[in-house]
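# mind folding the following:
(chains A and B)
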Amino acid sequence: MMDFKSVQEKWQKAWSDAKLFEVEPNDRKGMMVFAAFPYVNSPPHMGHLRTFCTPDVYARYLRMRGMNVLFPLGFHATGTPVIGYAKRIANNDPDLIESLHTFHVSDEDIKKMTDPHYIAEYFIRQQELELRKVGNGIDWRRKFISIEPLYSKMVEWQFMKLKEKGYLVKGTHPVGWCPNENNAVGQHDTMHDVWPDIEEITAIKFKDRDSDAYFICATYRPETIYGVTNLFVNDGIEYVVAEMGGAQYYVSKDAAFRLSYLADAKVTGKITAAELLKKTAINPLTKEELPILPGYFVKADKGTGVVMSVPSHAPFDYVALERLKASGYNIPKMEYKKLIELKFPDAKKGMGSMLKPDEFSGQTGEIVHREVPALAYLEFLKMNPNSDDKSVEVATKLIYREEARYGVMLVGAYQGKSEAEARDGLKADMVKSGDAMLMYELANTEPVICRCGTKAIVAIVKDQWFINYGDKQWKKQVYSMLSKMKLYPEKYRHTFEMLIDWIDLRAMERAQGLGTRFPFNPEHIIESLSDSTIYMLFYTFDHILRANNVQPEQLKPCFFDYVVDSKGDVASVSKETGIEERVITKCRESLDYWYQSTSSHSAPDLIPNHYVMYMFNHVAVLPERFWPKQLVINGFVSMEGEKMSKSLGNILPAGDAVDKYGADQIRFIEVAGAELDSDGEFSTNALSGVNSRIDYLLSQVIDANRAEGGNELRSVDFWMYSRLNSKIKRATAAMDGLMFKGAYDEVFYSSVAELKRYREIGGKNGLVVTDYLSAVVRMLSPVMPHLSEEFWHLLGNSTLVATEQWPVADEGMVNPGLEECFDIVDSTAEDMNRTLELTGKMEVNKGRKVKSIKVILAEQWKADAFNMLVEGKEIGDIIASMQGKADKERVAKYLQGFRNRKEATQRVLASQQSLFNVFSESRDYLKRRFGCELEIENEQDSQSARSGRAQPSRPSIEVAWS
RNA sequence: GCAGGGGUGGCGGAGCCAGGUCAAACGCGCAAGGCUUAGGACCUUGUUCCUUAGGGAUGCGAGAGUUCGAAUCUCUCCCCCUGCACCA
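Okay, here's the model as predicted:
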């Protein structure tokens, strides 16, 4: 067992001393490989590691293929998380402090973490340290953080470019809001980290017949406006008169408060439910007069506190009216108009087919009143007007779902159209005509509570800047760029196409958080995903700026225009910025060298947000040669079958894992343990498998170093070379396609297996083993860089394997026929096993031992004839061409066995002669394995009655018992 | 709801795009044997069912189709996972 720790440290120092990863442009082809920069509120853990190790493995591979590869890393600290984090520290949040302890943060450091900048600083240090520990070859000179002034200058320039192009627009949009703190609330601002789920509702205005005021009702189903019979108010709740946009509205007091954040509602007076009940409202579309009735189910804190009643399609409305009737309330005569008909596409479906078993488990009933759908659904679910609210809710959801899916309008402007179409159409029409307005509510089933303890609501933020990702022309360009990009795995291409289509306005300024001030509203900062869409290009020259002490204020737009966009001339840029021409030119050359070929790496969670914005922004602000060329998306990693999460307490910081399991072992399992697109799993089980093979390779390396190379090469040696070269070929192809698991199944697992087999069947040539190992070790080095250096040196080399060339397959050494011979030896041995097992059970052989086994190899003409059959030749022609080589009748008889040709699909490559040689060399091995004598003979020389059975790829065997 | 991805043996996971070499790579687990003072490690063999000479049957979510031939192609159905925005 090796001391992994000292091996790791030794080689990390050697790489660092050789400045292997501090790369600059040279005459080789340049490429930049990078991972999405991490957020700075934790050390990297096993889950993150895959995203950092994958590009490192890839970069190391490409370097060995002769490229000049840069792997940089920066850090992301923009936005509110570290601020929230610092607040939680200040409040001594026990959960947070506990998790910091698991990351080995000292109490002293925790105290300092009330400063968000210290948090960032601390974790940047930590991340760098741990990523070095796993052996990642990162050029740390280029490290930067997204909140530093130099970087901000580039973001400012980027947003000026976006504005110039007309991609920034002003508008409004709804956000979750805390009325106490007067701030937007996102997930991390709420108790239990729930997402404020905002939904849009149509609020329809019904004029009061006898005044200028309006009733206003929030509804999910504006298309049912044609069936409104009355309005409901609840005499248990408080009502007010509120002014919005110059008009007066009757709403609940709670609704007025919420509407003040949505539409500047102002309370101008009070009014009681009793007063409202005396009024009459007018349906804005049908102009019918509608009575106001008491509705027991109307809630103050939902909608407006006034509900439009559509008893024909809304079970609650139907139930409420029935109950009123039953109580003797004087209700005017009203018509329950059926508005929507269900049209099912096939006979198998019908009313109730969308009922979910977890909602309703009882018996369904007979439907009688189909002319009143709300009643029909109640009947179907065996409910009645006295059912409890929960049951009525089930009926409501079901009718809503089924009518939305299968409903067709029977009345109104959208008659004959689908319900969904009518809903959207009427909403738009009524908003346009002023008969309705849009309002927003939190759709979460549980109330969303801000961390301050206040119930969150929805507010509309006005005069907000957006990036208009909905721009058709822009989308078109991105789409065409995508079609030229390489995606690994390719299966995400369609997802990207959909996303490009889907993405629309994105709010990009925020009142809170760390980041770059927005040039067109310096009160605000740029939203944290929007400021990190072209950051990678900063890697190409930020170390040059720093080395030359360039100050933020010197990074004027003309600098970026020149360096990135080739606008202007270096002399005037230098004059304007005060930066030396030499420095500016160097920046520009560096960008030009590194940024034309890039590979971006991340986990799939960035696809719908960062990656889409990454593409759009590159297209918008950069010249085409700097557009993204390649995206690599790796799966997640779980621990011992469980997803890594704080709540499960199974987060293992990368540094701890390295100390415990070894850097190369972790790299191997993370990167080569699962194919790129599938999720991986870290388990001690997988680890021990890796370790035992490392041990074996080590023993072989040591052995090879001591072994004497014999001159004579036998079949088994040629077999080894053939395997090696075909392996190199396959592994190289797999690496080129970023199929790391496939590549390392070849390089690691199958190499170990082949070495074992080589030894087992009598291979003993030290030179062959050394050649083999030297290629395997080189191929292993991207994923196991430390151990490979160690092996490389044990094999007698003095260079760093990291700087060596990836082996090139010698096609001439690949001998499929020979490999087939060895496979035939194997399958023949299996046949022998089976045969011995079956014949051993025979009465005659009871109590006897196997004396010898005879292997009879098929005559060469059989293989020749078989191959002709595979090629599709006619049997007659084959027989004719065999004239003189074999007996005509035997050929005919042999070929008759393949009459339907089903079995003749694959050529036989092994010749009788080579097969004979291989069997002869394998004789000792087979004898040892079966513990008996073994004879090998050719069919033409054999006296055995079983010789005729011999097939080209299946020798006949004969067992003799003593 | 909309969109995307996926269903292979006790498990993980190849193969399916370019149908035959597939009872199905590789790995894990499990069983028997070897080695060992014992355990671990390691090695061998086996791991759907049937079968007294290397054979046969069933089989890749369910069903149907195309084909001489389907895990692989077509259609229908069922089930699972992921994302849905102003959050990093």
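
# which non-adjacent residue is nearest A:Gly171?
A:Phe466 (5.4 Å; Cβ to Cβ, 6 or more residues apart in numbering). Heads up, the C-betas are built off the backbone N, CA and C, glycines and all.

# tell me the contacts of that neighbour?
Shown in contact with A:Phe466 (Cβ atoms under 8 Å, 6 or more residues apart in numbering): A:168-171, A:173, A:505-508.

# just name the closest of those to A:Tyr122, please.
For the contacts of A:Phe466, the closest approach to A:Tyr122 (Cβ to Cβ) belongs to A:Met508, at 28.8 Å.

# tell me where the stretch 651-800 of chain A is predicted with low confidence.
A:707-710 (pLDDT under 70).

# show me where it has its strands.
Along the stretch 651-800 of chain A, the stretches classed as strands by DSSP state E, counting those that start in this stretch are A:680-682.

# re earlier: what's the helix or strand for the residue nearest to A:Gly171?
Using DSSP states H and E, the element containing A:Phe466 is strand A:457-468.

# can you name the next helix or strand after that strand?
Later in the chain than strand A:457-468, the nearest helix or strand by DSSP H and E is helix A:472-484.

# make sure A:Lys851 is indeed in a strand.
Yes - the assignment for A:Lys851 is a strand, going by DSSP: H, G, I helix; E, B strand; the rest coil.

# what mean pLDDT does stretch A:65-77 get?
Averaging pLDDT along stretch A:65-77 yields 96.

# may I see the buried residues of that stretch?
A:67-77 (16 or more other Cβ atoms under 10 Å).

# Three-state assignment for A:Pro72, please.
Going by three-state DSSP, the secondary structure assigned to A:Pro72 is coil.

# what do you get for A:Val33?
strand.

# wait, it touches A:Met67, no?
No - with contacts counted by Cβ atoms under 8 Å, A:Val33 stays clear of A:Met67, the gap being 9.8 Å.

# state the distance from A:Asp887 to RNA strand B.
Per Cβ to the nearest atom of the strand, to the nearest Å, A:Asp887 is found 20 Å from RNA strand B.

# hang on, I meant A:Gly407
Distance from A:Gly407 to RNA strand B, by Cβ to the nearest atom of the strand: 13 Å.

# got it, and A:Tyr749?
5 Å.

# quick check: that residue vs A:Ile216, distance?
To A:Ile216, A:Tyr749 is 69 Å away according to Cβ to Cβ, to the nearest Å.

# over to A:Asp208?
For A:Asp208 relative to A:Ile216 (Cβ to Cβ), the value is 11 Å.

# any shared contact partners between those two?
Joint contacts of A:Asp208 and A:Ile216 (Cβ under 8 Å, 6+ apart) are A:Tyr250.

# most proximal residue of chain A with respect to RNA strand B?
Of all residues in chain A, A:Gly79 sits closest to RNA strand B, at 2.7 Å by Cβ to the nearest atom of the strand.

# tally of neighbours for the closest residue to A:Pro284 other than its chain neighbours?
Nearest residue to A:Pro284, sequence neighbours excluded (Cβ to Cβ, 6+ apart): A:Asp435, at 4.0 Å. By the other Cβ atoms under 10 Å criterion, the neighbourhood of A:Asp435 contains 20 residues.

# give the contact list for A:Asp435.
Counting by Cβ under 8 Å, 6+ apart, A:Asp435 has contacts A:204-205, A:284-285.

# go again with 7 Å.
Residues in contact with A:Asp435 (Cβ atoms under 7 Å, 6 or more residues apart in numbering) are A:204-205, A:284.

# next, format those as JSON lines and append secondary structure and pLDDT.
As requested, the contacts of A:Asp435 are exported to JSON lines (DSSP: H, G, I helix; E, B strand; the rest coil; pLDDT from 0 to 100):
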{"residue": "A:Ile204", "secondary structure": "strand", "pLDDT": "94"}
{"residue": "A:Lys205", "secondary structure": "strand", "pLDDT": "95"}
{"residue": "A:Pro284", "secondary structure": "coil", "pLDDT": "94"}
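
# export the residues you listed as CSV, with columns for distance to RNA strand B.
As requested, the contacts of A:Asp435 are exported to CSV (distance: Cβ to the nearest atom of the strand, whole Å):
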residue, distance to RNA strand B
A:Ile204, 23
A:Lys205, 26
A:Pro284, 28
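
# excluding residues flanking it in the chain, which one is nearest A:Lys567?
A:Asp561 (4.1 Å).

# typo on my end, A:Phe21
Per Cβ to Cβ, 6+ apart, closest to A:Phe21 is A:Gly137, 4.0 Å.

# settle this for me: the one you found is touching A:Leu20, isn't it.
Yes - contact criterion Cβ atoms under 7 Å: A:Gly137 and A:Leu20 qualify, at 6.4 Å.

# pick out whichever of the two has more residues nearby.
More crowded of A:Gly137 and A:Leu20, by other Cβ under 10 Å: A:Gly137, with 26 against 16.

# and the helix-or-strand element of chain A with minimal mean pLDDT, how far out from the chain middle?
Every helix and strand of chain A was ranked by mean pLDDT, DSSP states H and E. The lowest is strand A:183-184, at a mean of 74. How far strand A:183-184 lies from its chain's middle: 30 Å, per Cα atoms, centre = their mean, to the nearest Å.

# that strand pairs with which strands, parallel or anti?
In the sheet, strand A:183-184 lines up against strand A:168-178 (antiparallel) (DSSP bridges).

# for the strand it pairs with, buried residues please.
By neighbour count on 16+ other Cβ under 10 Å, the buried set for strand A:168-178 is A:168, A:174-178.
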